[in-house]
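Peer 1: structural data only, the sequence is not supplied:
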């Protein structure tokens, strides 16, 4: 069943490309010329978002390397452990909005330590699956159109992430206990 | 973002000094810049692919078809998009690729959608409500099947890695609806 799902999902992009190209040809579109015209816009877009990407990556790397992330994690895990939330879950919850690759690394470490059937790991898996790299998305999307005033967007995203994490922990308990 | 960026940097410096990790801090600045360049270059290729493909979609008239098909759904949430506007199809393509978990393709299509929404934004430097809504949907995951996580679980010998699918689906659906609701609540209190 899982293999079938994987197979189909691996087929989606190739099928989509085939469909778009064949449809274009059927409509007598010069598909190669069209592709080039569109692709030309890539570098100007990258020029716009490049400084934002560098800015956010520097902040995230420094936050991790300086031990600030660990300090915040310890601070929060003290408070959350009273509610029965394991410290490892807190670190996933903190890192995921900042960096996708770093959170995958932490998740892999947890798998090594606890094994794949542990409730802590499964809780982390749900957080991994139901959250996004919030800061990266915000800086890239806003940077690409040159927006400077994001109004109450960041507040909404952070509040929603927080609620999402509480929900993920609750759902994990319902399912895996 | 100004406060968040400044906050992250200032906290980092303070903790680097406390923990005696100032050398690591300095290294992290350059590592960060390096990752930024690498990600940008990777994205340059991916954006080129998807802008190329969306141009074919545009020129072949497929865009109007997609717009017509998904407009009833998209216009329920995005009230500011006039009929037949590019934004309907680019938002649709971004949401579909997010659901399928195509990662960077979704980012490329999302940038396209933000640019299409920007043409409707009366102010060039202040975000519009539709743009906020679009970003909120993108910052709360909407992926249907979490392949990376299932893959990792099974790599480490899970007996039943698919056990996480249903709870993640529930969590995803709830958090996305809550995030959208939060945005609409905030709109009532802030101008």
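Peer 2: Arrived safely. As the structure is a prediction and not an experimental result, all values here were calculated from the model. Residues are numbered from 1 along each chain as shown, chains lettered A, B, ... in the order given.

Peer 1: when you work out contacts or count neighbours from here on, use the C-alpha atoms and nothing else.
Peer 2: Fine.

Peer 1: now do the strand or helix carrying residue A:44, average pLDDT.
Peer 2: Using DSSP states H and E, the element containing residue A:44 is helix A:42-65. Helix A:42-65 shows an average pLDDT of 93 in the prediction.

Peer 1: which residues does residue 151 contact?
Peer 2: If you meant another chain, say so; for now it's chain A. If you count contacts by Cα atoms under 8 Å, 6 or more residues apart in numbering or on different chains, residue A:151 has them with B:126-127.

Peer 1: that's the wrong chain, I meant chain B
Peer 2: Residue B:151 is in contact with residue B:161, counting by Cα under 8 Å, 6+ apart.

Peer 1: likewise residue A:114?
Peer 2: With contact set as Cα under 8 Å, 6+ apart, residue A:114 has these partners: A:120-121.

Peer 1: tell me the phi and psi of it?
Peer 2: phi -100, psi -20 (degrees, to the nearest 10).

Peer 1: what about it, distance to chain B?
Peer 2: The spacing between residue A:114 and chain B, counted by Cα to the nearest Cα, to the nearest Å, is 10 Å.

Peer 1: got a pLDDT number for the residue nearest to residue B:97 when sequence neighbours are not counted?
Peer 2: Once flanking residues are discounted, residue B:97 sits nearest to residue B:106: 5.2 Å by Cα to Cα, 6 or more residues apart in numbering or on different chains. With respect to pLDDT, residue B:106 scores 91.

Peer 1: tell me how far stretch A:134-148 lies from the chain's centre.
Peer 2: On the basis of Cα atoms, centre = their mean, to the nearest Å, stretch A:134-148 is displaced by 14 Å from the centre of the chain it belongs to.

Peer 1: and what of stretch A:127-142?
Peer 2: The chain centroid and the centroid of stretch A:127-142 are separated by 5 Å, computed with Cα atoms, centre = their mean.

Peer 1: what does stretch B:68-81 give?
Peer 2: In this view, stretch B:68-81 has its centroid 19 Å away from the chain centroid, taken as Cα atoms, centre = their mean.

Peer 1: can you list the weak-confidence ranges in the chain?
Peer 2: Picking chain A for this. For chain A, the stretches with pLDDT under 70 are A:1-2, A:5.

Peer 1: let's do chain B instead
Peer 2: Scanning chain B for pLDDT under 70 picks out the ranges B:191.

Peer 1: domain assignment for chain B?
Peer 2: Residue ranges for each domain of chain B read B:45-139, B:141-191, as given by automatic domain parsing.

Peer 1: with chain A instead?
Peer 2: By the assignment in automatic domain parsing, chain A contains the domains A:1-40, A:41-176.

Peer 1: how about residue B:103, what does it touch?
Peer 2: Residue B:103 makes contact with residue B:97, according to Cα under 8 Å, 6+ apart.
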